[in-house]
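K.L.:
model the following, please.
(one chain, ligands or ions: 1)
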Amino acid sequence: MKPELAILIRLQGIDLELRKINEEKSSVPKHLEDLQEHLSSKEAELNELNERITEIQKRKVDVEDEFELENVRLGKSQKKISSLKTNREYQALQKEINEIKKANAAREDEILAIMEETNSLQEEIKGKKQQVKQDRKEIKAEQKRIKQLQARLNAKIAALTEDREAVSKDISPNLLTKYNFLKDRRAGVAIAAVTDGICSACNMNIPPQLYNELLRDEKILTCPSCQRLIYALKVN
Ligand SMILES: [Zn+2]
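P.N.:
Numbers count the residues shown, from 1 in each chain. Okay, the predicted model is just below:
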């Protein structure tokens, strides 16, 4: 094999490794993003629960005030009813008393319902706070893990980049340009082995004449189907 081809194969090995590490690096924060999204939704839910509790507590105060006022009015009416002279007046006031009683019974029901809802909301808030706490803890641990992993990957990238520079020096500029051009357009694989007349990258047949030329190993050739640089690889 021509020495330059052997160097290109080494370079491709380095580049594929670099590609893999860079992909790993960009996929790393995905889990953290999921955790942060989960936390945000739990915090929003917690906010809503707190808002609801504030709202119903305000309503409870209003209903209690109304109840007290109406209760005072009821007491006055009940005192007044015994002193009434006519049946018509008596019946009118009796009707009013019944209406006040009915409205206040409804107010009592509403106050009870608010108290029950408050209790269950408080339970829910407690659970939600626990989830938020857990999420924050997980995020912190994940951030630490990512930082360590990124540092490890960056060190690998630095070492491989150094190797790449050293290896590239021994390749002619034209060939290196061609290699880089193909690498960027062929998913990182610019150079492919040909075994039994078949290109290992695109799986297409190499015409017999070209394959014979390839076996003579006199110059660097390209696959007519995928345009990658090719070399013959004999399998026993
Ligand atoms: Zn090919």
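K.L.:
next, count neighbours for residue 15.
P.N.:
Neighbourhood size, residue 15 [other C-beta atoms under 10 Å]: 19. For every residue, glycine as well, the C-beta is placed using N, CA and C.
K.L.:
which element is the residue positioned nearest the centre of the chain on?
P.N.:
In the chain, the residue lying closest to the centroid (C-alpha atoms, centre = their mean) is residue 34, at 3.1 Å. Using DSSP states H and E, residue 34 sits within helix 30-81.
K.L.:
show me what that helix is packed up against.
P.N.:
For helix 30-81, the packing partners by 3 or more C-beta pairs under 8 Å, 6 or more residues apart in numbering; DSSP states H and E come out as helix 87-168.
K.L.:
got the domain boundaries for the chain?
P.N.:
3-168, 173-232 (automatic domain parsing).
K.L.:
residues near residue 149, how many?
P.N.:
13.
K.L.:
OK, contacts around it?
P.N.:
residue 28 (C-beta atoms under 8 Å, 6 or more residues apart in numbering).
K.L.:
give me the pLDDT for it.
P.N.:
Note for residue 149: predicted pLDDT of 94.
K.L.:
now swap in residue 236 and tell me
P.N.:
Reported pLDDT for residue 236: 64.
K.L.:
ranking the domains of the chain by burial, who's on top?
P.N.:
domain 173-232 (a mean of 16; mean count of other C-beta atoms under 10 Å).
K.L.:
centre of the chain versus that domain, how much separation?
P.N.:
For domain 173-232, the separation from the chain centroid amounts to 41 Å (computed by C-alpha atoms, centre = their mean, to the nearest Å).
K.L.:
related to what we said a few turns ago, kindly reformat the domains of the chain as CSV containing distance to the ion.
P.N.:
Formatted as CSV, the domains of the chain follow (distance: least, C-beta to the ion, whole Å):
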stretch, distance to the ion
domain 3-168, 14
domain 173-232, 3
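K.L.:
distance-wise, check the residue in the chain sticking out farthest from the centre relative to residue 21.
P.N.:
Residue farthest from the centre of the chain, counting by C-alpha atoms, centre = their mean, is residue 85 at 78.1 Å. Separation of residue 85 from residue 21 (C-beta to C-beta, to the nearest Å): 101 Å.
K.L.:
tilt between the helix holding residue 34 and helix 87-168?
P.N.:
On the basis of axes from the mean of the first three to the mean of the last three C-alpha atoms, to 10 degrees, helix 30-81 is oriented at 170 degrees to helix 87-168.
K.L.:
quick check: mean pLDDT across helix 30-81?
P.N.:
pLDDT averaged over helix 30-81 gives 96.
K.L.:
could you number the chain from 8 rather than 1 from now on?
P.N.:
That works, and once the first residue is 8, the last one we named lands at helix 37-88.
K.L.:
what's the spacing between that helix and its chain's center?
P.N.:
Worked out by C-alpha atoms, centre = their mean, helix 37-88 lies 33 Å from the chain centre.
K.L.:
likewise for stretch 73-90?
P.N.:
That offset, for stretch 73-90, works out to 62 Å (C-alpha atoms, centre = their mean).
K.L.:
likewise for stretch 157-169?
P.N.:
Computed by C-alpha atoms, centre = their mean, the separation of stretch 157-169 from the middle of its chain amounts to 26 Å.
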